[in-house]
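Enquirer: Got a predicted structure plus its sequence, pasted below:
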Amino acid sequence: MNQITNSFGVEYPKIPEKTQCVLSAKAHELVYFENVAHVEGSMYQVKSTSDKDKVYVIDLKNLDDHKLDCPGAKYRGNCSHLRAVRIFKRGEC
């Protein structure tokens, strides 16, 4: 499997197309069920679907300065939470 480097400079296996589709579907679901909220400026919150007490904070302006702390971002360098924020911001759902 090919390696890719994410915006944090960390190498991960290239995400298969099927997995990309699953991440996109989960991201749309997060937005549809109102699990994404704009905090202020470039800051957003996304509720975890696996832990009702967990909220991920995403700062779109400073993505290169920190790593997302969800399992998907740690394993793949990409996650449905970040995708959900981008979908929410574009107003797609």
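Expert: Structure's in. What do you need? Residues are numbered from 1 along each chain as shown.
Enquirer: tell me, what residue is most central in the chain?
Expert: Closest to where the C-alpha atoms of the chain average out (CA atoms, centre = their mean) is residue 82, at 2.2 Å.
Enquirer: give me the element it is part of.
Expert: Assigned by DSSP states H and E, residue 82 falls within helix 80-90.
Enquirer: now residue 24
Expert: Element membership of residue 24, judged by DSSP H and E, is helix 17-32.
Enquirer: Return the list of helices and strands in contact with that helix.
Expert: Using 3 or more CB pairs under 8 Å, 6 or more residues apart in numbering; DSSP states H and E as the contact criterion, the elements in contact with helix 17-32 are helix 80-90. Any C-beta I mention is one placed from the backbone N, CA and C, and that applies to glycine too.
Enquirer: tell me the mean pLDDT for the helix it packs on?
Expert: Averaged across helix 80-90, the pLDDT comes to 91.
Enquirer: for stretch 55-75, same thing?
Expert: For stretch 55-75, the per-residue pLDDT values average out at 78.
Enquirer: Run through who's touching it.
Expert: By CB atoms under 8 Å, 6 or more residues apart in numbering, the surrounding residues in contact with stretch 55-75 are 7-8, 10, 12, 23, 39, 41-48, 78-82, 85-86, 89.
Enquirer: shouldn't residue 37 be in contact with residue 43?
Expert: No. Counting by CB atoms under 8 Å, residue 37 does not reach residue 43; the two are 9.7 Å apart.
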